[in-house]
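> the sequence isn't on hand, but the structure is:
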């Protein structure tokens, strides 16, 4: 069950903030700086990280209100179940799980692609086929390691966090030992021209990359049942994490741009376009230091895929256990007691997404990582981002008595800004990725999900083939303490 009082509340503000940050900062900042520079066409790419932070912050306030009011395990699944049950029964939570089965593995595919991309620094002669084999081997290894009883990933999380901090700190410190302000702060002519369509296309691409780098700011919303004083801790953990990570990202990007000529990041034959952090370390501290940091980045990428598939495989399991998804996903391994089908399905999609992106995105205009980021963000927008913003409005109207220990500041302005930001990402997705068709893929996946829901609902004899089951789980629950 996803009830609000089933787990002990032991996570305080500091731990909650670090949990969000550890999920936000993985392989992302090491691989997206060249993509951001390419999107904007110069060092003014810092705008992308700032705009991504703004979107993460306002969207985080949506999560904050919903999570503080319904501090249970499940996050989006719970919010959509509560908000949309009145008109569409279990459709929206079903569609969220259906969509999560796709976008969670696509996020993991970016980690695999980032690992292969940085491995080229140590293995420069690696061919595309060899890269495919390495990536598939990484996914297979992760599945083998997860095919067992796992009681806790605390040690892995700590190691991943420590390795990430060392890697980021090394890049930032090294870059500022050889920093040239003229390289970082000399913007091309007409860099900011609101009247040019190319500026807005670059901005939309940069915003997509930026929000990808901040994904994870909402992690504590999925741990609401384990937070101390969730009405205070959850909103602050989101805000503090976004601001802290923004400082880290800006420090890293500005530092890198002060060492590496941004034109080199656009040259597919230059190491800076594939392994920019390694290029910074090599230029400032030598080849040996660059090799060490590259290995740390590879460890970070692997650990993020491991932890992501471990947690992601539980999403359809929880929904199936609550009878809001296909029953087969609720089956556990008879010996090791883990959700087999969720792990297998997400592992296969991770591998398929990795290979597909590498062979669809083979040009400088469409690098594999950019293709994956575009696909996963467009899939997320409809059933998570837009749906949650609507859920805030629906619940304020449908459940006015719901205890809300945190209410969105300046409501509905943050929700409106978040909706505009997600609309920009979604609306420009096809133009920013011609030939990839991310909007069409997202709509097709959603339509397929609706068909799957109708099939499931027919078997389960629920709406629209049976009565709606209205259960306002949190309406009469004991209010969580307010800040």
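Great, that's in hand. The structure presented is a predicted model; accordingly, all values stated were derived computationally and were not measured.

> pLDDT weak spots in the stretch 301-450 of the chain?
361-366 (pLDDT under 70).

> could you point out which element follows the longest helix seen in the chain?
Counting residues, the longest helix found in the chain (DSSP state H) is helix 91-122. Going down the chain from helix 91-122, the next helix or strand is helix 128-146, by DSSP states H and E.

> quick one: contacts of that next one?
With contacts defined as Cβ atoms under 8 Å, 6 or more residues apart in numbering, helix 128-146 is touched by 112-113, 115-116, 119-120, 126, 302, 305-306, 309-310, 313, 338, 343-344, 347, 350-351, 354-355, 358, 362. In this view, the C-beta of every residue, glycine as well, is placed from N, C-alpha and C.

> make it 6 Å
Residues from elsewhere that reach helix 128-146 (Cβ atoms under 6 Å, 6 or more residues apart in numbering): 112, 116, 305, 306, 309, 310, 343, 347, 350, 351, 354, 355.

> how much space between the last one and residue 409?
Spelled out, it's residue 355. The gap separating residue 355 from residue 409 is 44 Å, by Cβ to Cβ, to the nearest Å.

> so for those two, which residue has more residues nearby?
residue 355 (19 against 12; other Cβ atoms under 10 Å).

> now do the SS call for that one.
Following DSSP: H, G, I helix; E, B strand; the rest coil, the label given to residue 355 is helix.

> and stretch 189-206, how far from the chain's centre?
Distance, stretch centre to chain centre, for stretch 189-206: 25 Å (Cα atoms, centre = their mean, to the nearest Å).

> buried stuff in that stretch?
Neighbour-count burial for stretch 189-206, with 16 or more other Cβ atoms under 10 Å as criterion, is recorded at 191, 199, 202, 203, 204, 205, 206.

> for the longest helix of the chain, which helices and strands make contact with it?
helix 76-88, helix 128-146, helix 287-312, helix 314-321, helix 340-360, helix 368-380, helix 438-460 (3 or more Cβ pairs under 6 Å, 6 or more residues apart in numbering; DSSP states H and E).

> and the buried residues of stretch 189-206 as a markdown table, adding secondary structure?
Formatted as a markdown table, those follow (three-state DSSP):
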| residue | secondary structure |
| --- | --- |
| 191 | coil |
| 199 | helix |
| 202 | helix |
| 203 | helix |
| 204 | helix |
| 205 | helix |
| 206 | helix |
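
> return the item of these having minimum pLDDT.
For the buried residues of stretch 189-206, the weakest pLDDT value sits at residue 191, with 80.

> quick one: the residue lying closest to that residue once chain neighbours are set aside from residue 374, how far?
Nearest residue to residue 191, sequence neighbours excluded (Cβ to Cβ, 6 or more residues apart in numbering): residue 44, at 4.6 Å. Plainly put, residue 44 is 21 Å away from residue 374 if you go by Cβ to Cβ.

> ok, now residue 326?
Taking Cβ to Cβ as the measure, residue 326 and residue 374 are separated by 28 Å.

> so those two - more neighbours on which side?
residue 374 (30 against 18).

> quick one: that one and residue 433 touch, right?
Yes: between residue 374 and residue 433 there is a contact under Cβ atoms under 6 Å: 4.8 Å.

> what's the burial count for the closest residue to residue 370 other than its chain neighbours?
Using Cβ to Cβ, 6+ apart and skipping the chain neighbours, the partner closest in space to residue 370 is residue 35 (5.5 Å). Applying other Cβ under 10 Å, we find 22 residues neighbouring residue 35.

> helices or strands up against the helix or strand that contains residue 35?
Assessed by DSSP H and E, residue 35 sits inside helix 28-40. The criterion is 3+ Cβ pairs under 6 Å, 6+ apart, and the helices and strands that helix 28-40 contacts are helix 197-214, helix 230-257, helix 262-265, helix 276-285.

> follow-up on the earlier one: and the angle for the longest helix of the chain with helix 340-360?
50 degrees (axes from the mean of the first three to the mean of the last three Cα atoms, to 10 degrees).

> element containing the closest residue to residue 419 other than its chain neighbours, please.
Residue nearest to residue 419 in three dimensions, not counting chain neighbours: residue 389, with 5.2 Å by Cβ to Cβ, 6+ apart. For residue 389, the host element (DSSP H and E) is helix 387-398.

> which other residues reach that helix?
With Cβ under 6 Å, 6+ apart, helix 387-398 has contacts from 62, 65, 79, 80, 83, 415, 418, 419.

> let's see that with 7 Å instead.
Here helix 387-398 makes contact (Cβ atoms under 7 Å, 6 or more residues apart in numbering) with 62, 65-66, 76, 79-80, 82-84, 86, 92, 402, 415, 418-419.

> would you pull up how far it lies from the middle of the chain?
22 Å.

> only the buried residues of it, if you could.
Of all the residues in helix 387-398, those buried under the rule 16+ other Cβ under 10 Å are 387, 388, 389, 390, 391, 392, 394, 395, 396, 398.

> got it, and stretch 429-445?
Under 16+ other Cβ under 10 Å, the buried positions of stretch 429-445 are 429, 430, 432, 433, 436, 437, 438, 439, 441, 442, 445.

> which pair of these spans the longest distance?
The two members of these with the most space between them (Cβ to Cβ) are 432 and 445, at 18.9 Å.

> and of the contacts of helix 128-146, the nearest to residue 272?
residue 116 (17.0 Å).

> ok, that closest one - how many residues close by?
By other Cβ under 10 Å, neighbour count at residue 116 equals 26.

> distance of the residue nearest the centre of the chain from residue 103?
Nearest residue to the geometric centre of the chain (Cα atoms, centre = their mean): residue 215, 3.5 Å. Distance of residue 215 to residue 103, computed by Cβ to Cβ: 10 Å.

> what does residue 199 give?
According to Cβ to Cβ, residue 199 and residue 103 sit 28 Å apart.

> what does residue 65 give?
23 Å.

> residue 281 touches residue 291, doesn't it?
No: if you go by Cβ atoms under 7 Å, residue 281 and residue 291 don't touch, sitting 8.5 Å apart.

> ok, the two, which is more surrounded?
More crowded of residue 281 and residue 291, by other Cβ under 10 Å: residue 281, with 26 against 15.

> who touches the more buried one in this structure?
170, 171, 174, 289, 290, 293.

> so what's it closest to, chain neighbours aside?
residue 290 (3.8 Å).

> residue 314 touches residue 337, doesn't it?
No: contact criterion Cβ under 7 Å: residue 314 and residue 337 do not qualify, at 12.0 Å.

> the two: who's more crowded?
Per other Cβ under 10 Å, whichever of residue 314 and residue 337 has more neighbours is residue 314, with 17 against 12.

> ok, now which ones touch that one?
Counting by Cβ under 7 Å, 6+ apart, residue 314 touches 339, 342.

> what about residue 39, neighbour count?
The burial count for residue 39: 23, using other Cβ under 10 Å.

> what sits against it?
Residues near residue 39 by Cβ under 7 Å, 6+ apart: 45, 48, 202, 205, 206, 209.

> pLDDT weak spots in the stretch 1-150 of the chain?
1-8, 73, 149-150.

> what's the neighbour count on residue 286?
Neighbours of residue 286 using other Cβ under 10 Å come to 10.

> return the distance of the host helix or strand of residue 67 from the chain's centre.
According to DSSP H and E, residue 67 maps onto helix 46-69. Remark: helix 46-69 is offset 12 Å from the chain centroid, using Cα atoms, centre = their mean.

> and it, what does it pack against?
For helix 46-69, the elements it packs on are helix 28-40, helix 197-214, helix 230-257, helix 387-398, helix 413-427, judged by 3 or more Cβ pairs under 7 Å, 6 or more residues apart in numbering; DSSP states H and E.
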